[in-house]
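Predicted model and sequence below, questions to follow.
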Amino acid sequence: MTTQISPAGPVAAGPRPTPRLPRRAPNRPAWEDPPTTAGQIGKGAVLTLLVLAVLFPLWTVVVTSLASRQTINDTGGMVVVPREFDPSAYISIFSGGTIAQAVWISTLVTVVGTTVSLVLTVLAAYGLSRPGSVAHRGLLFLFLGTFLIFPGLVPSYLVVTGLGLKDSLWALILPSAISVFNLVVIRAFFMNVPGELLDSARIDGAGEFRILWRIVLPLSRAVIAVVGLFYAVGYWNAYFNSVLYIDDNSKFPIQRVLQSYILAGQSPNVSGAAVSLPGVTAYPPTLAVKMAVVVVTVLPAVIAYPFVQRHFTKGVITGAVKG
């Protein structure tokens, strides 16, 4: 107990209150504070809602693609709760016809296009990552200039048709063979390879191609895997180039077929043969076939992602701006 003196006389005062300590150290940023219970619950709720918002449409597509005609008729459209298992839509798709041909075309374009794009991008990135390469600065500005200057749709169409690529599968590959963004990412990774390691290989008599194949590429598997995934997904989902350059129905990729079935309202043209399995609808319902095409379109990317997932974070942040 302390006594304070005031103009009116001595006044008894209680113990001084303990000063309240700050919640975090003054020099520590807010994001390093431990999360509160309310914050953890809120984050969990938001993440749960986001996951449900993504998974619910996929669930309805998959369930509808496996639903029977009676189930689709009862629900009047998309099916949420599965009742009967009917794989006739998938059997019809892979029995031949337009959809099976489109899947084959998309697979061929994806495999060939990804290979061509990776080879050209890696070679260009390695050359531009070496400061002493021929026309290094001029070629680098030429590539970077495409970020600011795009020739436009009509000049691109005239170039493709002038080269005789109209109605050819190469028209789906060559116009988008090199992504400048991917080239810059790989170039940034190559520039981080120690120069002493490359110089020692040159002293041992290795040429540039051997250095790239034996030293640089094994050290760059993460970024190559991620860029390869980007290229593969881009070729698989390519749609606009097929609208511009492909007129032959037998050369339509799966995305073009999907557009004609779902957006244009055309009826799926499958093999035309009835599916004869015990307990399976003779002819699959149109909506089930459409949803089966959607599943077939999305499935390759879902399958490919887990194989490069462990490289994804490292590959994506490569070349990022560092503070």
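Structure received.

quick one: contacts for residue 147?
Neighbouring residues of residue 147 by Cβ atoms under 8 Å, 6 or more residues apart in numbering: residue 180. No exception for glycine: its C-beta is placed from N, CA and C like everyone else's.

State the helix or strand in which the nearest residue to residue 250 once chain neighbours are set aside lies.
When the adjacent residues along the chain are set aside, residue 250 lies closest to residue 101, with 6.1 Å between them (Cβ to Cβ, 6 or more residues apart in numbering). Secondary-structure element containing residue 101, defined by DSSP states H and E: helix 98-129.

what comes up buried for that helix?
When neighbours are counted by 16 or more other Cβ atoms under 10 Å, the buried residues of helix 98-129 are found to be 98-103, 105-106, 109-110, 113-114, 116-118, 121-122, 124-129.

sorry, back to before: any idea how far the residue nearest to residue 250 lies from residue 95?
12 Å (Cβ to Cβ, to the nearest Å).

How about residue 157?
Here residue 157 is placed at a distance of 36 Å from residue 95 (Cβ to Cβ).

do the same with residue 286
With distances taken as Cβ to Cβ, residue 286 is found 16 Å from residue 95.

Model confidence score at residue 256, please.
Reading off the per-residue confidence, residue 256 sits at a pLDDT of 87.

which residues touch the spatially closest residue to it that is not a sequence neighbour?
Nearest residue to residue 256, sequence neighbours excluded (Cβ to Cβ, 6+ apart): residue 242, at 4.5 Å. Shown here is residue 242, whose contacts under the criterion Cβ under 8 Å, 6+ apart are 172, 252-253, 255-256.

same thing but 10 Å
The contact partners of residue 242, taken as Cβ atoms under 10 Å, 6 or more residues apart in numbering, are 102, 105-106, 109, 169, 171-172, 251-257, 259.

Take these and keep only those in helices.
Using DSSP state H, the members of the contacts of residue 242 that fall in helices are 102, 105-106, 109, 254-257, 259.

Quick check: the two most widely separated of the residues you listed?
With Cβ to Cβ as the measure, no two of the ones in helices among the contacts of residue 242 lie farther apart than 109 and 259, at 15.8 Å.

would you list every one of the strands in this structure?
Per DSSP state E, the chain has strands spanning 2-6, 9-13. These are given in chain order.

Let me see the mean pLDDT of the first one.
The average of the pLDDT scores along strand 2-6 is 52.

Repeat that for stretch 223-232.
Computed over stretch 223-232, the average pLDDT equals 88.

now stretch 102-116
If you average the per-residue pLDDT over stretch 102-116, you get 92.

cool, stretch 38-53 as well?
Here stretch 38-53 scores 91 as its mean pLDDT.

Report the buried residues of it.
Applying 16+ other Cβ under 10 Å to stretch 38-53 flags no residue as buried.

Can you get me the centre-to-centre distance for it and its chain?
Average the C-alpha atoms of stretch 38-53, do the same for its chain, and the two points are 24 Å apart (Cα atoms, centre = their mean, to the nearest Å).

try stretch 97-108
Stretch 97-108 sits 21 Å away from the centroid of its parent chain (Cα atoms, centre = their mean).
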